[in-house]
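1. Dropping the sequence and predicted coords here.
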Amino acid sequence: MNGWTATATAVLALGGGATVWGVATGPLGRRVVAQNLSTSLACPVLLLLAQGYGRPSYVDLALVLALLGPVGTLVFARLLAEDLEGDPPGARAATYAVAVFGATVVIVLCAVAGPGRAMVKLLVTGALLVAGNLVASRALAGGFSGSRHG
Amino acid sequence: MDDPLIVVALLLVAACATAAVAVRDPERQALVLAVLGTALAVLFTVLQAPDVGLSQLAVGSALTPLLLMLSVRKVRRRERGKGRTR
């Protein structure tokens, strides 16, 4: 057990517990936000695990999650649009906190990896993660109301 | 070797699966199921099976919720249509 996996354990215990609690209780809006945050929290955890186990190929998992997590949230945002219209969910503080955490993890891992192909892959993953997180949160909050019923 | 990490991942999956059973509304169940898919992928990675985790991510985080939500929607629409014709 090294520092990377210890950090991953702490994040998984705190953030994972919080998102499971958020997705299992409360109003529908809170549940959707918790589902969105769970994917954008699991992605940095997978990156940390890849570094902790010393296996760069595990970064593929984080890349796929950064790609598919926002897609899943957009599915919910589209199909639950009528139910979410009453109180559009907005968790700006939590969303930005998770985005900053993901960006921090990517930057630290980039500094460790040094320039090269691995760094490019990490940067692509981080960009997808942060952009997908922000786009999905905006869609949940009704930011794209013009295309809602399209 | 990494016992605390495995314990945390297992506990997360157990809590999530229990929540998926305890929640009654199908739409909310689909949400919990999406989180369960992500937690399972992390568990598989911790257990050094990233190939299984990769397929679990593809199926669990986007495909299963999409299928569930689409079928719930179709059933609701059919019920509504029936109510109108009666």
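-> Great, that's in hand.
2. make it CA atoms for all contacts and neighbour counts henceforth
-> Noted.
3. Any residues of chain A in contact with chain B? List them.
-> With Cα under 8 Å from any Cα of the partner chain as the criterion, chain A meets chain B at residues A:1, A:5-6, A:8-9, A:12-13, A:16-17, A:20, A:23-24, A:28, A:31-32, A:35, A:38-39, A:42, A:46, A:49, A:58, A:61, A:64-65, A:68-69, A:71-72, A:75-76, A:79.
4. mind listing which of the residues you listed are in helices?
-> Counting by DSSP state H, the part of those found in helices is A:5-6, A:8-9, A:17, A:20, A:23-24, A:28, A:31-32, A:35, A:38-39, A:42, A:46, A:49, A:61, A:64-65, A:68-69, A:71-72, A:75-76, A:79.
5. what's the weakest-modelled helix or strand in chain A?
-> In chain A, the helix or strand scored least confidently by mean pLDDT, DSSP states H and E is helix A:81-84, which has a mean of 79.
6. contacting residues around the closest residue to residue A:62 other than its chain neighbours?
-> Nearest residue to residue A:62, sequence neighbours excluded (Cα to Cα, 6 or more residues apart in numbering or on different chains): residue A:43, at 5.0 Å. Neighbour list for residue A:43: A:62-63, A:65-66, A:102, A:129 [criterion: Cα atoms under 8 Å, 6 or more residues apart in numbering or on different chains].
7. In terms of pLDDT, where does residue A:43 sit?
-> You'll see residue A:43 listed with a pLDDT of 92.
8. one step back: show me which of the residues of chain A next to chain B are buried.
-> The neighbour count (16 or more other Cα atoms under 10 Å in any protein chain shown) marks A:5-6, A:8-9, A:12-13, A:16-17, A:20, A:23-24, A:28, A:31-32, A:35, A:38-39, A:42, A:46, A:49, A:58, A:61, A:64-65, A:68-69, A:71-72, A:75-76, A:79 as buried among these.
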